[in-house]
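Colleague: the sequence and its predicted three-dimensional model are supplied below.
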Amino acid sequence: MQPICTYIFLLFLLVGQTAKSQDVIDVTLKFEHLETSNGSVLLLIQEEGGKDVSKLVLPIHNKAAEKTIELAAGKYGFSAYHDVNANEKLDLNFFGAPTEAYGFSNNARGTFSKPSFSETLVDVSKNRIIKFKLE
């Protein structure tokens, strides 16, 4: 009886791992045509409810940055900025406007503020590439 229970337990573990791996999606994030290779790109990933999923620092090579990450299937909002001076904050001018290039998924832009979170949501249901325009 013991060997049968062990085999059934191992079978459940195997099925669970297979189901889990099917829900993981590869997402490639691309930042091209940056003004300089100085600094890095700081990226925030948030799930549909607005909860932070990950904060990444991407090195820049030849005025571009790229990273492939694994996410569970769902909707996510991405925001990023080019931290030229490597101080790990988005620099602002006297009036509160950003002085470093920034952007959001779907290349969403607000008029005088950041776009609504819903405008930045991206459906991650299959492997995909997301290109950002930082300005």
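Modeller: Perfect, I can see it now. Numbers count the residues shown, from 1 in each chain.
Colleague: now do the buried residues in the helix or strand harbouring residue 77.
Modeller: Residue 77 belongs to strand 74-83 when elements are defined using DSSP states H and E. Neighbour counts over strand 74-83 (16 or more other Cβ atoms under 10 Å) mark 74, 76-83 as buried. The way it works is simple: take the backbone N, C-alpha and C, and place the C-beta from them, glycine included.
Colleague: which phi and psi does the closest residue to residue 86 other than its chain neighbours have?
Modeller: Distances taken as Cβ to Cβ, 6 or more residues apart in numbering put residue 39 closest to residue 86, at 4.9 Å, once the chain neighbours are dropped. In terms of degrees, to the nearest 10, the main-chain angles of residue 39 are phi 70, psi -150.
Colleague: partners of the residue nearest the centre of the chain in the sheet?
Modeller: Centroid check for the chain by Cα atoms, centre = their mean gives residue 45 as the closest residue, at 4.3 Å. Note on residue 45: beta-bridge partners by DSSP bridges are residue 54, residue 78.
Colleague: residues contacting residue 70?
Modeller: For residue 70, the contacting residues are 24-27, by Cβ atoms under 8 Å, 6 or more residues apart in numbering.
Colleague: list the contacts of residue 63.
Modeller: So residue 63 contacts 32-37 (Cβ under 8 Å, 6+ apart).
Colleague: roughly how far apart are it and residue 33?
Modeller: 7 Å (Cβ to Cβ, to the nearest Å).
Colleague: do residue 125 as well
Modeller: Using Cβ to Cβ, residue 125 is found at 28 Å from residue 33.
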